[in-house]
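>>> build the 3D model from these lines:
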Amino acid sequence: MCGRYVLHGPRSRLTEYFDLQDCADWTARYNIAPQSDVLVIRQRPDVGRVGQMVRWGLIPRWAKDPSIGLRLNNARAETVAEKPSFKSSFERHRCLIPANGFYEWQVVDGEGKPRKQPWYISPANDGDFFAMAGLLAAWKSPQGQDIISACVITTTPNELMAPIHDRMPVLLAGEQFETWLDPAVRDPETLSRHLLPTPARSIVAWPVGGRVNSARHEGPDLIERAGDPNTGDGVSR
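Reported below is the predicted structural model:
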C-alpha cells in the first residue's frame with residue numbers, strides 16, 4: 001500500500017522535471033496522509049501537463065456519497081482494469097502523483113512483541129522525483145458540489161522493498177509519462193505494461209523515527225535517518 005508520502009520541491013525543479021505548463025499553488029509537506037489535498041499532474045488537451053490539487057481518496061462518479069473515498073486511497077495493479085471503482089478512471093483519467101519519497105512500515109521484533117518500524121524511500125538520484133501512477137475521478141454531490149479525487153496504484157515490491165513491505169507504489173519513469181497521461185490510450189493491456197515494480201537500483205531506503213506515525217507531525221526532521229533496526233546500517237540499496 002501507499003499511506004504516506006512527501007512532497008517538498010523545489011518548485012522550479014518539479015516544474016522542469018515534469019515539463020509543466022501550469023501548476024496550482026501547493027505547500028511543502030513531509031507527512032501527506034489520505035484525505036489530504038494533494039498535487040497531481042494530468043494532461044490537459046491543447047495545453048499540456050498541468051499540476052492540479054485534488055483530494056486523496058478516489059470517489060467514483062457513481063458513488064452515492066463521498067465516504068467511499070476513505071477506502072479507496074490505493075488501487076491494486078493486478079485488478080485495477082476490472083474493478084468497478086477503478087475501471088473507468090484507468091481507461092480515461094490517469095495522472096501522475098509527484099513525490100520526493102514515501103513511507104512504509106516494516107514489522108520487526110520489539111523485545112518479544114512485533115512493532116512497526118517506519119522507513120523512508122526516495123529516488124537513488126538525489127534531486128529526482130517519484131512519479132507515482134495515479135487515477136482521477138470527478139464526483140458531483142446531490143447539492144451540486146464538484147469533488148476531484150485521486151488514488152495511487154500499487155504493485156508487488158522489488159528486491160529492496162520486499163523485506164520492508166509486500167506492496168509499493170507504481171513508480172513511472174520519464175519515458176512512460178506521455179503514454180500514461182494520454183487519454184486517447186485506453187487499451188488495458190498496453191496500460192498494464194506500465195504497472196510493474198521499479199528496478200531496485202532506482203531507489204534507496206532508510207529507517208526513520210516514530211514521529212511520522214502520527215499524521216499530525218510535519219517537518220523535514222521526519223525523513224532523517226534513524227539506526228537500522230536490522231543491520232545498524234541506516235541505509236538500504
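>>> list the buried residues for stretch 210-225?
Neighbour-count burial for stretch 210-225, counted by 16 or more other CB atoms under 10 Å, picks out 212-213, 218, 222-223. All C-beta atoms are positioned from the backbone trio N, CA, C, and that covers glycine.
>>> again with stretch 192-208
So stretch 192-208, judged by 16+ other CB under 10 Å, has buried residues 194-195, 197-198, 200, 202-208.
>>> point out where this structure drops to low pLDDT.
228-237 (pLDDT under 70).
>>> hang on, the earlier thing: how about JSON lines for the buried residues of stretch 192-208, with distance to Asn125 and secondary structure added?
As requested, the buried residues of stretch 192-208 are exported to JSON lines (distance: CB to CB, whole Å; DSSP: H, G, I helix; E, B strand; the rest coil):
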{"residue": "His194", "distance to Asn125": "20", "secondary structure": "coil"}
{"residue": "Leu195", "distance to Asn125": "22", "secondary structure": "coil"}
{"residue": "Pro197", "distance to Asn125": "18", "secondary structure": "coil"}
{"residue": "Thr198", "distance to Asn125": "12", "secondary structure": "coil"}
{"residue": "Ala200", "distance to Asn125": "14", "secondary structure": "helix"}
{"residue": "Ser202", "distance to Asn125": "8", "secondary structure": "helix"}
{"residue": "Ile203", "distance to Asn125": "10", "secondary structure": "strand"}
{"residue": "Val204", "distance to Asn125": "9", "secondary structure": "strand"}
{"residue": "Ala205", "distance to Asn125": "14", "secondary structure": "strand"}
{"residue": "Trp206", "distance to Asn125": "16", "secondary structure": "strand"}
{"residue": "Pro207", "distance to Asn125": "21", "secondary structure": "strand"}
{"residue": "Val208", "distance to Asn125": "20", "secondary structure": "strand"}
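>>> just these now: which is nearest Leu58?
Leu195 (16.3 Å; CB to CB).
>>> neighbours of the closest residue to that closest one other than its chain neighbours, just the number please.
If the residues on either side of it in the chain are set aside, Leu195 comes closest to Ala77, at 3.8 Å by CB to CB, 6 or more residues apart in numbering. By the criterion of other CB atoms under 10 Å, Ala77 has 21 neighbours.
>>> kindly report the same for Ile147.
Neighbourhood size, Ile147 [other CB under 10 Å]: 16.
>>> nearest residue to it other than its sequence neighbours?
Nearest non-adjacent residue to Ile147, counting by CB to CB, 6+ apart: Trp139, 4.9 Å away.
>>> how about that neighbour, what does it touch?
Each residue near Trp139 by CB atoms under 8 Å, 6 or more residues apart in numbering is listed here: 59-61, 63, 66, 146-149.
>>> mind running it again at 10 Å?
Applying CB atoms under 10 Å, 6 or more residues apart in numbering to Trp139 gives the contacts 55, 58-63, 65-66, 68-69, 145-149.
>>> cool, Pro183 as well?
Neighbouring residues of Pro183 by CB under 10 Å, 6+ apart: 42-45, 91-94.
>>> at 7 Å what do you get?
Neighbour list for Pro183: 43, 92 [criterion: CB atoms under 7 Å, 6 or more residues apart in numbering].
>>> let's verify it: helix, strand, or coil?
What DSSP: H, G, I helix; E, B strand; the rest coil gives for Pro183 is coil.
>>> same deal with Leu222?
Assigned state for Leu222: helix (three-state reduction, three-state DSSP).
>>> for it, give its distance to Phe102.
12 Å (CB to CB, to the nearest Å).
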